[in-house]
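Visitor: coords please:
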Amino acid sequence: MTQEHDGETRGWSAARKGVWSRLRFTSLRLRLVVVFGLVALTAAVSASGIAYWLNRESVLTRTQDAVLRDFEQEMRNRAGSLPERPTQDELQHTAGQMANSSQRFTVLLVAENPDGRTVYGSSGGLNGFSLQDVPVSLREAVTEQQEITSNNKYPHHLYWQRIVDGDTPYLVAGTRVIGGGPTGYMLKSLEPEAKDLNSLAWSLGIATGLALIGSALLAHAAATTVLKPVQRLGVAARRLGEGKLDTRLRVSGTDELADLSRTFNKAAEALEKRVADMAGRDEASRRFVADMSHELRTPLTAITAVTEVLEEELESEGGGIDPMIEPAVRLVVSETRRLNDLVENLMEVTRFDAGTARLVLDDVDMSDQITACIDARAWLDAVDLDAERGIHARIDPRRLDVILANLIGNALKHGGSPVRVSVREDGAEGAGDGGAVVIEVRDHGPGIPEEVLPHVFDRFYKASASRPRSEGSGLGLSIALENAHIHGGEITAANSPEGGAVFTLRLPRDVSAQSPSEKDGDIEDEGAEGDA
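Guide: The predicted structure is shown next:
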């Protein structure tokens, strides 16, 4: 169960990945929105970051300069007025006075009293701002005496540093009174400035979000404007591919999409004209073949009657045919039969092309039908039949006879005896509700060359280079395939591993369930056995 569950989970995950991949790579609208969004997000974040950094530096620098300037002024005026060794009370009082300045910072004064001890004075009381709150690096910088040079006139300077205690930022500064006196440190909270900067950051974040939403809406609108003509072009192309050659696009504007639409309309118009011309020529060609076949039937009937008389004279004892002209008479008889078969085949082909061929269905026993076909053509000695009685199918018997005559006749002409015909039932999926009947015709000849196999059912195709010269028209297998198709079946050709060619006919057992129409009685296109 666990393995099955894992398999289903992986399958669902793969399906989701496939859907997301198709959505990500096939949706032009989504890609436009994503690109617009990324550009807008990058621009907004960059602008917001720069604005925040500039405002932060401006606010902090302005506050810092004001505080340091005030602290320096207080150190000069108040701490500088103290004696060189003040008492703790004096330091405490002075620190309190310094903290009451306009900037309201906390002050710590450090000095040595008259007894030489270090004393502290803090404006925040004993538990307020202490020396431990000052960074060590800042204390060292404040107490370190600088060398007096032409560029440095004072041994001590004002130093500052920003620190964070908890979540609250502070400004710490320190300096010494020049000429001797206390060392002063200042602590100023920057929390109001931090709150202002946080408000600014939220405002810039909201502005960035609004810019992103606006860019997405703008991208959607732009994508709609751009993709609508593309979608219309895609729909028109599909309609054109479906055969609706009168499809045209409405053209407006002078941009590239309008030029593309005009080009499509011109191509569709040219294609429609070309297809109409080809259809006209094809129709004229089919009409010509049909008319020619019908016109040839009348003289062929007369010629056939004459050749039958001549053939009877040839076969009769003591006939009156001159032995010198007997070969010519036999040639005329043979070629007349061939011409008659060719005309019948052409008429059959024109019926298939015109879509007028219809089925006349009947329930037949496949074994009896194949036996009748073989017996009618005197092939019993050359054909080995492997078919059990009781395999029934609802098909057109005459058209099945045409298929079998062509397949078996082709095997006898081009293959080798004996020709084996086998029949079996196939209930595989896709064969219809009633299954299928499979008929295999196998010869014992050299087989079909691989380069010939794709063309064996082409009209007028003859593989004369690899087989003996055929006296047929090259339409037999084509007619057999068309008859199989009208039944809803198929014929395939292959080479047997044991040698020889194998033609496989597959027909549904109940053609009436697949045939578009069924008529009772005979139809006009009778005969037409064709050749191989």
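
Visitor: Please count neighbours and contacts with C-alpha atoms only from this point.
Guide: OK.

Visitor: any idea where the helices of the stretch 1-150 of the chain begin and end?
Guide: 2-26, 28-77, 88-99, 136-143 (DSSP state H, counting those that start in this stretch).

Visitor: Which strands or helices does the longest one pack on?
Guide: The one in question is helix 28-77. Judged by 3 or more C-alpha pairs under 8 Å, 6 or more residues apart in numbering; DSSP states H and E, the packing partners of helix 28-77 are helix 2-26, helix 88-99, strand 183-189, helix 191-241.

Visitor: winner for burial among those?
Guide: Mean neighbour count, computed with mean count of other C-alpha atoms under 10 Å, is highest for strand 183-189 among the helices and strands packed on helix 28-77, reaching a mean of 24.

Visitor: Could you check the angle it makes with helix 136-143?
Guide: Relative orientation of strand 183-189 versus helix 136-143 (axes from the mean of the first three to the mean of the last three C-alpha atoms, to 10 degrees): 140 degrees.

Visitor: in its sheet, what does strand 183-189 sit against?
Guide: strand 106-112 (antiparallel), strand 168-176 (antiparallel) (DSSP bridges).

Visitor: looking at those strands, which is buried most?
Guide: The stretch of the strands paired with strand 183-189 with the highest mean neighbour count (mean count of other C-alpha under 10 Å) is strand 106-112, at a mean of 25.

Visitor: starting at the chain centroid, how far to it?
Guide: 77 Å (C-alpha atoms, centre = their mean, to the nearest Å).

Visitor: ok, back up a step: and the helices of the stretch 1-150 of the chain: which comes nearest Asp386?
Guide: Minimum separation from Asp386 across the helices of the stretch 1-150 of the chain (C-alpha to C-alpha) falls at helix 2-26, 47.2 Å.

Visitor: among the helices and strands packed on helix 28-77, which gets the worst mean confidence?
Guide: Among these, helix 2-26 has the lowest mean pLDDT, at a mean of 48.

Visitor: can you redo the helices of the stretch 1-150 of the chain as TSV with distance to Val438?
Guide: As requested, the helices of the stretch 1-150 of the chain are exported to TSV (distance: least, C-alpha to C-alpha, whole Å):
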stretch	distance to Val438
helix 2-26	38
helix 28-77	50
helix 88-99	109
helix 136-143	98
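
Visitor: Mind checking those for the one nearest to Ala207?
Guide: Using C-alpha to C-alpha, the helices of the stretch 1-150 of the chain put helix 28-77 closest to Ala207, at 7.9 Å.

Visitor: want to try a markdown table for the helices and strands packed on helix 28-77, with distance to Thr254 as columns?
Guide: Shown next, in a markdown table, are the helices and strands packed on helix 28-77 (distance: least, C-alpha to C-alpha, whole Å):
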| stretch | distance to Thr254 |
| --- | --- |
| helix 2-26 | 28 |
| helix 88-99 | 75 |
| strand 183-189 | 65 |
| helix 191-241 | 13 |
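
Visitor: Any idea which of these gets closest to Asn77?
Guide: Of all these, helix 88-99 comes closest under C-alpha to C-alpha, at 9.3 Å.

Visitor: in this structure, which ranges drop under the pLDDT threshold?
Guide: 1-28, 124-127, 289-290, 293, 317-320, 354, 427-434, 462-473, 513-532 (pLDDT under 70).

Visitor: any idea which helix is longest in it?
Guide: helix 256-315 (DSSP state H).

Visitor: how far off helix 191-241 does it point, in degrees?
Guide: 30 degrees.

Visitor: Mind giving me the packing neighbours of helix 256-315?
Guide: Against helix 256-315 (3+ C-alpha pairs under 8 Å, 6+ apart) you get helix 191-241, helix 326-354.

Visitor: Please repeat the previous calculation with a cut-off of 6 Å.
Guide: The contact analysis (3 or more C-alpha pairs under 6 Å, 6 or more residues apart in numbering; DSSP states H and E) places helix 256-315 against helix 326-354.

Visitor: what's the angle from the helix it packs on to helix 256-315?
Guide: 150 degrees.

Visitor: could you point out which element follows helix 326-354?
Guide: strand 362-365 (DSSP states H and E).

Visitor: residues in contact with that next one?
Guide: With contact meaning C-alpha atoms under 6 Å, 6 or more residues apart in numbering, strand 362-365 is reached by Ile391, His392, Ala393, Arg394, Ile395.

Visitor: which among these gets closest to Val502?
Guide: Checking the contacts of strand 362-365 one by one against Val502 (C-alpha to C-alpha), the nearest turns out to be Ile391, at 21.2 Å.

Visitor: and the closest one, how far is that from Thr183?
Guide: In this view, Ile391 and Thr183 are 119 Å apart by C-alpha to C-alpha, to the nearest Å.

Visitor: swap in Ile50?
Guide: 39 Å.
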